[in-house]
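K.L.:
Here is a sequence with its predicted model. Questions after.
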Amino acid sequence: MKVGLIRCMQTEDSCPATTDLKVMKEKKCAFEGVEGEIEVIGVNTCGGCPGKKAITRAVEMVKRGADTIALASCITRGNPIGFACPHAEKMKNAIAKKLGDTIKIIDYTH
């Protein structure tokens, strides 16, 4: 699995994505059951509210080899600030629509 990770720009000062990377490395949470190596292709933010840049950033990570786009839990579950992105579902759907069925979308990390 080659993963492009998209995270919330609002949380980047308080979260350096260490837990996201750890669960990938240890194949836990959203990555449980993944067979084979997990390679991180890139880590980027959504670009800030309302997350429109997440689409072009996901496309770029796919161009660079990602076969999976993971939306970090800061977007979909509100970790660590306790407030999920109000645009998360729309962002996920827009990314999926742009990338098509060949790219897997994971909507949380931990």
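P.N.:
Looks like it came in fine. Numbering: from 1, shown residues only.
K.L.:
Do a quick rundown of the helices in this protein.
P.N.:
Secondary structure of the chain (DSSP state H): helices located at 18-26, 53-63, 73-76, 88-99.
K.L.:
Give me whichever of those helices is most buried.
P.N.:
Across those, the average number of neighbours (mean count of other Cβ atoms under 10 Å) peaks for helix 73-76, which reaches a mean of 26. Just so you know, the C-beta spots here come from the backbone N, C-alpha and C atoms, and that holds for glycine as well.
K.L.:
if I pick residue 8, what's in contact with it?
P.N.:
For residue 8, the contacting residues are 45, 46, 72, 74, 75, 85, by Cβ atoms under 8 Å, 6 or more residues apart in numbering.
K.L.:
got a pLDDT number for it?
P.N.:
Looking at residue 8, its pLDDT reads 95.
K.L.:
Got phi/psi on it?
P.N.:
For residue 8, the backbone dihedrals are phi -80, psi 130 (criterion: degrees, to the nearest 10).
K.L.:
Next, the distance between the ends of stretch 76-86.
P.N.:
End-to-end distance for stretch 76-86: 9 Å, by Cα to Cα, to the nearest Å.
K.L.:
go on, stretch 75-82?
P.N.:
Per Cα to Cα, stretch 75-82 runs 10 Å from first to last residue.
K.L.:
and it, how far from the chain's centre?
P.N.:
Stretch 75-82 has its C-alpha centroid displaced from the chain centroid by 13 Å (Cα atoms, centre = their mean, to the nearest Å).
K.L.:
One more: stretch 88-102?
P.N.:
Using Cα atoms, centre = their mean, the distance from the centre of stretch 88-102 to the centre of the chain it belongs to is 12 Å.
K.L.:
Next: stretch 51-71.
P.N.:
In terms of Cα atoms, centre = their mean, the gap separating the centre of stretch 51-71 from the centre of its chain is 8 Å.
K.L.:
Next, the contact list for residue 28, please.
P.N.:
Under the criterion of Cβ under 8 Å, 6+ apart, the neighbours of residue 28 are 22, 110.
K.L.:
repeat for residue 46
P.N.:
The neighbourhood of residue 46, defined by Cβ under 8 Å, 6+ apart, consists of 6, 7, 8, 9, 53, 54, 57, 75, 85, 91.
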